[in-house]
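Enquirer: what's the 3D shape of this:
(one chain, ligands or ions: 1)
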Amino acid sequence: VRYAEGKGWYDARVEARAPIPMDPATAVLHYAQEIFEGLKAYRAADGGVTMFRPDANANRFRASAQRMAMAPVPQRLFLDALEELIRIDRNWVPDDPEGSLYLRPFQYASEVFLGVKPSSEYLFLIIASPVGSYFKGGVQPVSVWVSRDYTRAAPGGTGAAKCGGNYAASLVAQAEAIEHGCDQVVFLDAAQQRYVEELGGMNVFYVFDDGTITTPPLTGTILPGITRESVMRLAADRGFTVREEQYSYDQWRADATSGRLREAFACGTAAVITPIGTIRDGDGEFTVADGKAGDVTMGLREQLVTIQRGTAPDPYGWVHRVL
Ligand code: PMP
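Expert: As a prediction, this is how the structure comes out:
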């Protein structure tokens with residue numbers, strides 16, 4: 001779908017995937033005015049097809065657009081475009097109970113000019129691609145590397161927006177995590193390098209021995225994850241006290257060592273929920289729950305996965321039927 005100032009959104013169409021020719025002066029190539037979303041369509045038990053909370057992705061997409069001074073895609077257009085794409089062929093959505101159809105809506109500045117100003121033209125596109133399970137051979141706790149050299153977002157920056165530049169800036173930190181034998185990077189806050197913010201592509205949660213579950217607050221430097229918000233609802237309905245609270249890395253280590261912290265997990269669209277087993281930094285490492293997957297984590301995961309796949313009741317109205 002195209003956008004031009006004064007004309008609005010026009011020219012919606014479905015096409016076979018092909019290269020997009022671009023003028024070398026296309027704005028996005030220089031100033032990175034680009035945002036995206038990620039969500040999944042699932043095959044339901046009765047053969048139908050559903051999406052999980054696409055309205056939440058539509059809202060976040062508009063919020064990202066606002067931060068990046070881009071024309072917002074209306075909610076209806078966002079949802080209609082996703083549905084039209086999925087309806088072409090239900091067989092795109094894998095039958096396999098672990099598989100899904102990954103959907104990648106994105107929008108970029110397509111005007112051709114070299115001045116630093118918001119573009120007056122945009123393209124909104126969606127790529128659809130079948131994907132298998134995030135975990136090969138069952139859920140395994142991830143190990144995380146605490147980055148001291150890099151932060152992801154500063155107050156007033158773009159941390160709460162899902163813009164490509166945030167990910168470009170995080171690649172070197174993720175590479176550092178891999179070099180240190182870890183699966184994922186954990187970012188601390190930019191101002192004090194003290195509080196845990198999030199992983200490279202997932203939000204983080206802590207489960208304490210007194211029945212409390214906490215996650216860092218949305219202060220503008222972390223992405224408001226849709227899985228995060230869903231987990232908060234599920235956990236509260238399961239009787240946990242759920243709090244959005246800053247939690248320092250030092251406290252994390254102390255509580256894991258004393259046993260006050262029972263479990264830690266990360267969550268996002270790709271993995272849904274994954275236990276965090278080992279936490280490492282330049283000075284050493286510690287584990288949570290002896291590096292194993294905890295019951296609370298796996299219980300929340302099971303409930304969320306079964307809601308998404310339509311094999312458990314959905315009292316929240318999260319499952320959006322397409323076919
Ligand atoms: N934080 C970051 C930086 C992410 O890229 C993602 C993935 N979109 C998340 C958190 C989790 O968000 P969601 O649950 O909406 O996938």
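Enquirer: wait, Thr158 touches Gly164, no?
Expert: No - assessed by CB atoms under 8 Å, Thr158 is found out of contact with Gly164, at 10.1 Å. For the C-beta atoms, the positions are set from N, CA and C on the backbone; glycine is no exception.
Enquirer: of those two, who's got more company?
Expert: More neighbours surround Thr158 than the other of Thr158 and Gly164, with 20 against 17 (other CB atoms under 10 Å).
Enquirer: pLDDT wise, what is Phe135 at?
Expert: We have a pLDDT of 88 for Phe135.
Enquirer: for it, what are phi and psi?
Expert: The phi and psi values for Phe135, taken as degrees, to the nearest 10, are phi -100, psi 120.
Enquirer: show me where this protein has helices.
Expert: For the chain, the helices defined by DSSP state H cover 27-31, 54-67, 75-87, 164-179, 226-237, 249-258, 295-308.
Enquirer: and the ligand, which of those is closest to it?
Expert: helix 226-237 (3.2 Å; CB to the nearest ligand atom).
Enquirer: how about the contacts made by the closest residue to Phe61 other than its chain neighbours?
Expert: Excluding the flanking residues, the one nearest Phe61 by CB to CB, 6 or more residues apart in numbering is Glu37, at 5.1 Å. By CB atoms under 8 Å, 6 or more residues apart in numbering, the contact list for Glu37 reads Asn57, Arg60, Phe61, Leu103, Arg104, Pro105, Phe106, Lys162.
Enquirer: so who does the one residue in the stretch 1-150 of the chain that gets nearest to the ligand touch?
Expert: For the stretch 1-150 of the chain, the residue closest to the ligand is Gly38, as judged by CB to the nearest ligand atom, at 5.3 Å. Contacts for Gly38 (CB under 8 Å, 6+ apart) come out as Asn57, Tyr102, Leu103, Arg104, Thr269, Ala270.
Enquirer: so for this protein, the centremost residue is which one?
Expert: Central residue of the chain (CA atoms, centre = their mean): Gly268, 4.7 Å from the mean position.
Enquirer: need the nearest residue in space to that one, chain neighbours excluded.
Expert: Met202 (3.9 Å).
Enquirer: that neighbour and Thr274 touch, don't they?
Expert: Yes - using CB under 8 Å, Met202 is in contact with Thr274, at 7.3 Å.
Enquirer: what sits in contact with each of those two?
Expert: Ala266, Cys267.
Enquirer: what residues does the chain put near the ligand?
Expert: Gly38, Glu198, Gly201, Met202, Asn203, Leu223, Gly225, Ile226, Thr227, Arg228, Gly268, Thr269 (CB under 6 Å from any ligand atom).
Enquirer: how close does the residue of the stretch 1-150 of the chain closest to the ligand get to Leu82?
Expert: Look at Gly38 and Leu82: by CB to CB, to the nearest Å, they are 12 Å apart.
Enquirer: mutual contacts of these two, please.
Expert: Leu103.
Enquirer: what lies in contact with stretch 8-21?
Expert: 1-4, 73-74, 77, 81, 84-85, 88, 123-124, 127.
Enquirer: just stretch 228-245 next, same as before
Expert: Against stretch 228-245 from outside (CB under 8 Å, 6+ apart): 53, 56, 203, 205, 207, 210-218, 267, 273, 296, 299-300, 303-304, 316, 318.
Enquirer: which of the residues you listed are buried?
Expert: 53, 56, 203, 205, 207, 213-216, 218, 267, 273, 296, 300, 303-304, 318 (16 or more other CB atoms under 10 Å).
Enquirer: wait, Cys163 sits on Ile35?
Expert: Yes - at 5.0 Å, Cys163 counts as touching Ile35 under the criterion of CB under 8 Å.
Enquirer: list the buried residues for stretch 186-202?
Expert: Applying 16+ other CB under 10 Å to stretch 186-202 flags 186-190, 195-202 as buried.
Enquirer: how about stretch 74-93?
Expert: For stretch 74-93, using 16+ other CB under 10 Å, the buried residues are Leu77, Phe78, Leu79, Ala81, Leu82, Glu83, Leu85, Ile86, Arg90, Trp92, Val93.
Enquirer: next: stretch 241-257.
Expert: Result for stretch 241-257 [16+ other CB under 10 Å]: buried residues Val242, Tyr247, Tyr249, Gln251, Trp252, Arg253, Asp255, Ala256.
Enquirer: measure that stretch end to end?
Expert: End-to-end distance for stretch 241-257: 22 Å, by CA to CA, to the nearest Å.
Enquirer: not counting sequence-adjacent ones, nearest residue to Ala65?
Expert: Nearest non-adjacent residue to Ala65 (CB to CB, 6+ apart): Pro72, at 4.5 Å.
Enquirer: same thing with Ser120?
Expert: Glu5 (3.9 Å).
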